[in-house]
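Novice: Output the structure for:
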Amino acid sequence: MEQAQKRGLARLMLRWPDRRAALREKYGQDIRLAELCEAYEAAWEAAAYWAKSPSVVGRERAEEYNALASATEQDILERIS
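Specialist: Predicted coordinates:
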């Protein structure tokens, strides 16, 4: 699971380059932030998977996982602020 946490952290650092230092610092100190990074990565992987589906259900699921990733971003921002 640690790999998914690190991938999530890397994805966030690419998304928010101006917050890289805060992300790195808090990631090493806050286990909850590491768990949120893992959840963020899982949401983006699921969104990418469902986005490839040609069905209506696939698009709906992709939207749901994108919304989950956005909500997780907000939780992460609160933790690093």
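Novice: Just want the phi and psi numbers for the closest residue to residue 20 other than its chain neighbours.
Specialist: Nearest non-adjacent residue to residue 20, counting by CB to CB, 6 or more residues apart in numbering: residue 13, 4.8 Å away. C-beta: built from backbone N, CA, C; applies to glycine. Residue 13 adopts backbone torsions of phi -70, psi -30, taken as degrees, to the nearest 10.
Novice: Touching, residue 13 and residue 25? I think so.
Specialist: No. Look at residue 13 against residue 25 with CB atoms under 8 Å: they stay out of range, at 11.9 Å.
Novice: Who has more neighbours out of the two?
Specialist: Neighbour totals were compared for residue 13 and residue 25, and residue 13 leads with 16 against 12 (other CB atoms under 10 Å).
Novice: Now do the contacts for the residue nearest to residue 20.
Specialist: 19-20, 23-24 (CB atoms under 8 Å, 6 or more residues apart in numbering).
Novice: Of those residues, grab the buried ones for PyMOL.
Specialist: Listed next is the PyMOL selection for buried residues among the contacts of residue 13, using 16 or more other CB atoms under 10 Å:
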select buried, resi 19+23
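Novice: And the furthest pair within the contacts of residue 13?
Specialist: Largest separation among those by CB to CB: 19 and 24, giving 9.4 Å.
Novice: Low-confidence bits of the chain, can you list those?
Specialist: Scanning the chain for pLDDT under 70 picks out 1.
Novice: Mind jotting down where the helices sit in it?
Specialist: 2-15, 20-29, 31-51, 56-80 (DSSP state H).
Novice: between the first one and helix 56-80, how many degrees?
Specialist: To tie it back to what came earlier, the one meant is helix 2-15. Angle of helix 2-15 versus helix 56-80, following axes from the mean of the first three to the mean of the last three CA atoms, to 10 degrees, is 80 degrees.
Novice: spatially speaking, which residue is in the middle of this protein?
Specialist: residue 40 (2.1 Å; CA atoms, centre = their mean).
Novice: check contacts around that one.
Specialist: Counting by CB under 8 Å, 6+ apart, residue 40 has contacts 8, 11-12, 69, 72-73, 76.
Novice: For those residues, which entry has the maximal number of neighbours?
Specialist: Highest count within these by other CB under 10 Å belongs to residue 8, 27 neighbours.
Novice: Many thanks, have a good one.
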